[in-house]
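# Got a sequence here, can you model it:
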Amino acid sequence: MNSEETVDVVLIGGGIMSATLGSLISQLEPDWSIRVYERLGEVAQESSNAWNNAGTGHAALCELNYMPEAADGTVDAAKAVSINEQFQVSRQYWAYLVSTGALPEPHNFINSTPHMTFVKGAANVEYLKKRVEALKGQPLFPDMEYTEDLERIAEWTPMLAKKRNPKQKVAATRIVAGTDVDFGALTRYLFADIERRGASVQTNHQVTWLRRRKDGTWRLRVRHTVGQTPKTITARFVFVGAGGGALALLQHSGIPEIRGFGGFPISGQFLRTTNPKIVSQHQAKVYGKAAVGAPPMSVPHLDTRVVDGETALLFGPYAGFTPKFLKMSTWFDLPFSIRAHNLGPMLQVAFKNFDLMKYLVGELLATRAKKMAALREFMPTAKDRDWELITAGQRVQVMKKDPEKGGILQFGTEVITGADGTIAGLLGASPGASTAVPIMLDVLSRCFPGRFAAWAPRLRQMIPSFGTTLSKDPDAATASLAHTANALELTA
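From the prediction side, this is the model:
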């Protein structure tokens, strides 16, 4: 016989989004009951796992895709500034949790790592100059260094310059105050804290079905993945933070707001080395420019990673395609996601993104030698024997209806909320984890409009810039950067 209970909040998925929302709710409403369901045996095993992402701490300090060059040659800083602003909100919240003991010593999940850009060729050098000019004076981008001198670049990180043709035209920028974030560790620490506060985090549990009841609550069917009898649970609020699995669950929910949405899965791989002689000579995250047609998450980068206290280098990603929506799921994810209401937009996206399709085919056919050649564009001395190929996390890009174009492919994140605010879910990928706190604040404001104003004083205690814009207040921006750097033990 099925057992049934009622809880205030159910969080589906054991990743950084659910962990962040659970943390915020436990701070704002400590008496609310919270239940987390994760289908795998541990939390943070999909996109939040440290080896399934680059851990850049996306602040737009080095990611050139956030400042593309327009057809007229101009470069707009607005998106980069907006993303950096969001990352500062996350940093402030993490700093608060460290100060209260909710999170452990910050070096366990965040470490100082300079963020750099590196480009080759006259046209790309001119672009980078425009980017630097556009960011000049932005208070959240302080102390950006620019050089076209290969010897100077060698001082910043030797492996970019060693054995490179000195006649090649190159340029680079550096901001020392960048970070590397182990989102897997951060996710585990956040869940451990909300468990201490009374939440129940249940792994090996998969939500297979959910429906809204007449009284506005949600009934969910939960299956224990090792074979126990399914059970049902009633929740007053549901958040679907299941990564690539979110689309299917939101479709099962029957909410009209999900109509017209589809998903386009993109897989990836990285090259990784732990050779201490190599690792010690490159201490930065270095981003280049994406190939024509490449999706934003495929921008090539050579990254210092600190995972579980061990330092490594990661290069990639090499994009690929699989119909899976999660790294550990079924090959039927994509076909099973197709509905009458999203078929049109999906076909429109396929028709209008030929460059992307061509790029993915090229990536699928790429040999190991070609992958190493791409690495040598960044590190000319790279040797095959030092690098292993690892599979990265699966990303599902949002496809949705568009009144003018019929269907569009969106590379950001999309918050879906039911009209009555009793359910929300997150679709999409980049910038994702780095902006988890502002994304989850958006969920709270949209789903609990009657309570959000009362929460504001508490939110300002935890996030001093809440309700303001740091990028428009240089003094506040400088103070915030210094405060969080000190609290998180980072290079200011």
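
# helices and strands of this structure: which one has the lowest mean pLDDT?
helix 354-364 (a mean of 82; mean pLDDT, DSSP states H and E).

# Can you give me the buried ones in that one?
Using 16 or more other C-beta atoms under 10 Å as the test for burial, helix 354-364 gives Leu356, Tyr359, Leu360, Glu363. Placement of C-beta: from N, CA and C, glycine included.

# Who are the packing partners of it?
Other helices and strands packing on helix 354-364, by 3 or more C-beta pairs under 8 Å, 6 or more residues apart in numbering; DSSP states H and E, are strand 310-320.

# which outside residues touch the next helix or strand after the strand it packs on?
For strand 310-320, the following helix or strand on the C-terminal side (DSSP states H and E) is helix 333-337. By C-beta atoms under 8 Å, 6 or more residues apart in numbering, the list of residues contacting helix 333-337 from outside reads Gly244, Leu247, Ala248, Gln251, Gly262, Gly263, Pro265, Pro323, Lys324, Phe325, Leu326.

# Leu389: what's it in contact with?
By C-beta under 8 Å, 6+ apart, the neighbours of Leu389 are Gln269, Phe270, Leu271, Arg272, Arg368, Lys371.

# what's the neighbour count on the third one?
In other words, Leu271. By other C-beta atoms under 10 Å, 23 other residues sit near Leu271.

# which residues of the stretch 1-150 of the chain score low on pLDDT?
Under the criterion pLDDT under 70, the flagged ranges of the stretch 1-150 of the chain are 1-3.

# ditto for the stretch 151-300 of the chain
292-297.

# check contacts around Ser112.
So Ser112 contacts Val176, Ala177, Gly178, Thr179, Asp180, Leu490, Thr491 (C-beta under 8 Å, 6+ apart).

# tell me which of these is nearest to Asp308?
Asp180 (12.6 Å; C-beta to C-beta).

# For the closest one, grab phi and psi.
phi -120, psi 130 (degrees, to the nearest 10).

# who's it bridged to?
For Asp180, the beta-bridge partners under DSSP bridges are Asn111.

# what about it, how many neighbours?
25.

# quick one: pLDDT of Arg458?
On the pLDDT scale, Arg458 is placed at 98.

# Just confirm it is within a helix.
Yes: according to DSSP: H, G, I helix; E, B strand; the rest coil, the state of Arg458 is that of a helix.

# Tell me who's in contact with Pro139.
Pro139 sits in contact with Leu470, Ser471, Asp473, Pro474, Ala477, Thr478, where contact means C-beta under 8 Å, 6+ apart.

# Buried ones among the residues you listed?
For the contacts of Pro139, buried by 16+ other C-beta under 10 Å: Leu470, Ser471, Ala477.

# Turn these into CSV, including secondary structure.
Shown next, in CSV, are those (three-state DSSP):
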residue, secondary structure
Leu470, helix
Ser471, helix
Ala477, helix
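
# Return the member of those nearest to Trp156.
When the buried ones among the contacts of Pro139 are compared against Trp156 (criterion: C-beta to C-beta), the nearest one is Ala477, at 24.5 Å.

# where does the nearest residue to the closest one once chain neighbours are set aside fall, phi/psi-wise?
Closest residue in space to Ala477, ignoring its immediate chain neighbours: Pro139 at 3.7 Å, by C-beta to C-beta, 6 or more residues apart in numbering. Dihedral pair for Pro139: phi -60, psi -20, per degrees, to the nearest 10.

# Could you report the neighbour count for Gly421?
Neighbours of Gly421 (other C-beta under 10 Å): 17.

# could you check the angle strand 310-320 makes with the least confident helix or strand of the chain?
120 degrees (axes from the mean of the first three to the mean of the last three C-alpha atoms, to 10 degrees).

# where exactly do the strands run in the stretch 101-250 of the chain?
Per DSSP state E, counting those that start in this stretch, the stretch 101-250 of the chain carries strands over the ranges 110-112, 115-120, 145-147, 170-175, 179-181, 200-203, 205-212, 218-224, 231-240.
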